[in-house]
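Q: Model the following, please.
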Amino acid sequence: MNAMVAKMEKRIGLYVAVIPILLIAFVSLSYSRQGKESIYASVPSLVVQLVSYEGDPAKSTDQLCRKPAGTGFFISTTKKPGNLYLVTARHVVSGPDDLYARVPLVSDETGKRRLMGLHLKRSDWMSHPNEGDENILRTDIAMVGVGKLVGLSGAAFLHCEGTCEAGLYNQLAKDPEPPEDITVYGFPGDIGFKLKEPRPLARKGIVALSAEKGEGPYIVFDQDKNKTRYFNSEVFLIDIDAFPGSSGSPILRFPLHSFVPYLGGLIVATDKNHRASIAEPVSHILELLEIASNRPRAERTWFDLGNHPFPDPC
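A: Reported below is the predicted structural model:
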């Protein structure tokens, strides 16, 4: 394996050290690891806050601040073991700005935490091909493939092509059904107090409503005198406390009589007044993963936050 070579690249007026994209061991969020650490210990590297930068970097990095855009999470697939796939809601990445994420990883050599950054251009993202029509909204999922980093470990939901290796299981399986228990990890925009650094917040709930097999669109998005628009027929409703900023948050489903988590989908809309959120199912994530895994990944995405700290919140 070639030695790592540091290369400087200018990004929106900032110079960041780009880490060569090489293989890294990312582990599955699986109960096979529970002898070593809890699931929550893996969550900060699994679920990340997506932010945009605001300010004038041409003058000084001190002029920058960060604004929350949404939540994203990582998937790995045995089809492309050298890649990670960051997933979020499509509307989170639809703006004109580049997005950034802070990812706490662990050094394989020292066991110490190392903060890495991700810089993702608008052109890096792929969207689900279902664009909807005048009556039905498009599928609200986006994804970007990035390379894994040598010598650093984190967590990702595991998708197995065929049979998983011993001790692991396919975490992208079936769509959830009522009344399965769920856990959501996300980054609300405001929870009433400040944290030293962003950390994913856990919320518990249940799958409350889903369409019957073969049923058409059933949840109205908006309605006026001339037109009614619906979410697509596969979305489901969850009963959970959620806040703005949770868009793109992963939904961990616990099927009845199961004690291990599966990825059930992601949040795309929230009504904080009624404990209800709309979610895209994991089957739609798998459809986009199949496309993304057959296309080139984004390059020059990682940078070292030890040399370039994250801006403070705006």
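
Q: how about the helices of the chain, start to end?
A: In the chain, the helices defined using DSSP state H lie at 39-46, 282-292.

Q: For these, give me JSON lines that also has mean neighbour count, distance to Ser249 and mean pLDDT.
A: No exception for glycine: its C-beta is placed from N, CA and C like everyone else's. Shown next, in JSON lines, are those (neighbours: other CB atoms under 10 Å; distance: least, CB to CB, whole Å; pLDDT from 0 to 100):
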{"stretch": "helix 39-46", "mean neighbour count": "19", "distance to Ser249": "11", "mean pLDDT": "84"}
{"stretch": "helix 282-292", "mean neighbour count": "19", "distance to Ser249": "13", "mean pLDDT": "98"}
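
Q: now for those, which one comes closest to Asn232?
A: helix 282-292 (8.2 Å; CB to CB).

Q: With only the CA atoms kept, save that closest one in PDB.
A: Below are the C-alpha coordinates for helix 282-292, written out as PDB (Å, rounded to 0.1, in the frame of the first residue of the first chain):
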ATOM      1  CA  VAL A 282     -35.600   1.200   3.400                       C
ATOM      2  CA  SER A 283     -36.700  -0.400   0.100                       C
ATOM      3  CA  HIS A 284     -36.300   3.100  -1.500                       C
ATOM      4  CA  ILE A 285     -32.900   3.500   0.100                       C
ATOM      5  CA  LEU A 286     -31.900   0.100  -1.400                       C
ATOM      6  CA  GLU A 287     -33.100   1.200  -4.900                       C
ATOM      7  CA  LEU A 288     -30.800   4.200  -4.700                       C
ATOM      8  CA  LEU A 289     -27.900   2.200  -3.200                       C
ATOM      9  CA  GLU A 290     -28.000  -0.100  -6.200                       C
ATOM     10  CA  ILE A 291     -27.600   2.900  -8.500                       C
ATOM     11  CA  ALA A 292     -24.900   4.600  -6.400                       C
END
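
Q: Tell me the helices and strands packed up against that helix.
A: strand 65-77, strand 83-88, strand 126-127, strand 142-147, strand 262-271 (3 or more CB pairs under 8 Å, 6 or more residues apart in numbering; DSSP states H and E).

Q: Would you tell me which of the ones you listed gets closest to Glu287?
A: strand 142-147 (10.3 Å).

Q: Show me the shaky parts of the stretch 101-250 of the chain.
A: In the predicted model, the stretch 101-250 of the chain carries pLDDT under 70 at residues 189-192, 225.

Q: What separation do you get for the closest residue to Asp108 other than its chain neighbours and Lys80?
A: The shortest distance from Asp108 to any non-neighbouring residue, by CB to CB, 6 or more residues apart in numbering, is to Gly151 (5.2 Å). Gly151 is 20 Å from Lys80, where distance means CB to CB, to the nearest Å.

Q: same deal with Val103?
A: 19 Å.

Q: With Leu305 instead?
A: 26 Å.

Q: Check Gly214 too.
A: 33 Å.

Q: now Leu152, which residues is it bridged with?
A: Ser107 (DSSP bridges).

Q: contacting residues for it?
A: Ile24, Leu105, Val106, Ser107, Asp108, Arg114, Met116 (CB atoms under 8 Å, 6 or more residues apart in numbering).

Q: now these in TSV, with distance to Gly264?
A: As requested, the contacts of Leu152 are exported to TSV (distance: CB to CB, whole Å):
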residue	distance to Gly264
Ile24	26
Leu105	25
Val106	27
Ser107	32
Asp108	31
Arg114	31
Met116	28
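
Q: Only whichever of these are buried, select them in ChimeraX.
A: In ChimeraX, this line selects whichever of the contacts of Leu152 come out buried by 16 or more other CB atoms under 10 Å:
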select :24,105,106,114,116
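
Q: For the contacts of Leu152, work out which two are farthest apart.
A: The widest separation within the contacts of Leu152 (CB to CB) is 13.6 Å, between Asp108 and Met116.

Q: Name the residue in Gly214 and Lys80 with the higher neighbour count.
A: More neighbours surround Lys80 than the other of Gly214 and Lys80, with 19 against 6 (other CB atoms under 10 Å).

Q: now, which of the contacts of Leu152 sits nearest Gly95?
A: Met116 (23.3 Å).

Q: didn't the closest one look like it was pressed against Val103?
A: Yes: judged on CB atoms under 8 Å, Met116 makes contact with Val103 at a distance of 5.0 Å.

Q: Okay, strands next: where are they in the stretch 151-300 of the chain?
A: 152-153, 155-159, 181-186, 201-209, 220-223, 228-230, 236-240, 250-254, 262-271, 276-281 (DSSP state E, counting those that start in this stretch).

Q: out of those strands, which comes closest to Glu290?
A: strand 155-159 (9.8 Å).

Q: Just the residues contacting that closest one, thanks.
A: Contacts for strand 155-159 (CB under 8 Å, 6+ apart): 26-30, 42-43, 45-46, 73-79, 84, 164, 168-172, 250, 263, 286, 289.
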